[in-house]
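1. Take this sequence and fold it.
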Amino acid sequence: IKFLMEEMCQRGYKVVETEEPSSNRVGTFLKRYQRRDEKRLPAEAEVLLYAADRFDHLKTVIEPALRRGDIVISNRYFYSSLAYQGSVDVDLDWIREMNAFALKPDLAVLLDILPEYSLQRLKRRRTVFERVENLRRVRDIYIQLVKTGELVSVDADRSKKAVQEELLGLVEGLLESKDSRI
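-> Below you'll find the model as predicted:
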């Protein structure tokens, strides 16, 4: 994301970088909650918390940026709820319903890597979701989203430069075709 931000800014675009969970009150709670390994809320309650964070984030950060004509680059979005909460058997259609307000991005990318390799890269930043068996289920849902055309897959098990070049090519192609939300 940092690479894309720098590239787009160098090319004269106004870019807003953001992430989910966000830095608002609900998002801050969720970031702390993700790192705890104690008793969890019901998965459906987690869906609602992430949806509440997303709604506030959309209204206070994303929509204002888009109205200004800025490009928005987000680390995680609605698809993360589908993958992570869906991986613990929450109905995907229900998750979609709870997030019906979410804007559809012009481009959503899955940086695809086998769970075993992603855990090696994460090291100390792991959350309660990041165990091999759960990450396999998460990846399976992401792959389904790629197959339905909701996400574009980029093989992240390559050099950083190769991944960056592919990402930049996707963004450039999109920007050439229309004004965009990323």
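2. Tell me the helix or strand right after the lowest-mean-pLDDT helix or strand in the chain.
-> Ranking every helix and strand in the chain by mean pLDDT, DSSP states H and E puts helix 115-122 at the bottom, with a mean of 69. For helix 115-122, the following helix or strand on the C-terminal side (DSSP states H and E) is helix 132-147.
3. Pull out the buried residues from that following helix.
-> Neighbour-count burial for helix 132-147 flags Leu135, Arg137, Val138, Arg139, Ile141, Tyr142, Leu145, Val146 (criterion: 16 or more other CB atoms under 10 Å). In this view, the C-beta of every residue, glycine as well, is placed from N, C-alpha and C.
4. List the contacts of the helix or strand that comes right after that helix.
-> On the C-terminal side of helix 132-147, the nearest following helix or strand under DSSP H and E is strand 152-155. When contacts are taken as CB atoms under 8 Å, 6 or more residues apart in numbering, the neighbours of strand 152-155 outside the stretch itself are 107-113, 143, 146, 163, 166-167, 170.
5. so what strands line up beside strand 152-155?
-> Strand 152-155 has the following strand partners under DSSP bridges: strand 109-112 (parallel).
6. Using CSV, write down the CA coordinates of the strand it pairs with.
-> C-alpha atoms of strand 109-112 as CSV (Å, rounded to 0.1, in the frame of the first residue of the first chain):
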residue,chain,number,x,y,z
VAL,A,109,-7.0,-7.0,-4.9
LEU,A,110,-6.2,-10.2,-3.0
LEU,A,111,-2.5,-10.5,-2.4
ASP,A,112,-2.6,-14.3,-2.5
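7. just use 51 as the starting number from now, easier for me
-> Shifting the count to begin at 51 puts that one at strand 159-162.
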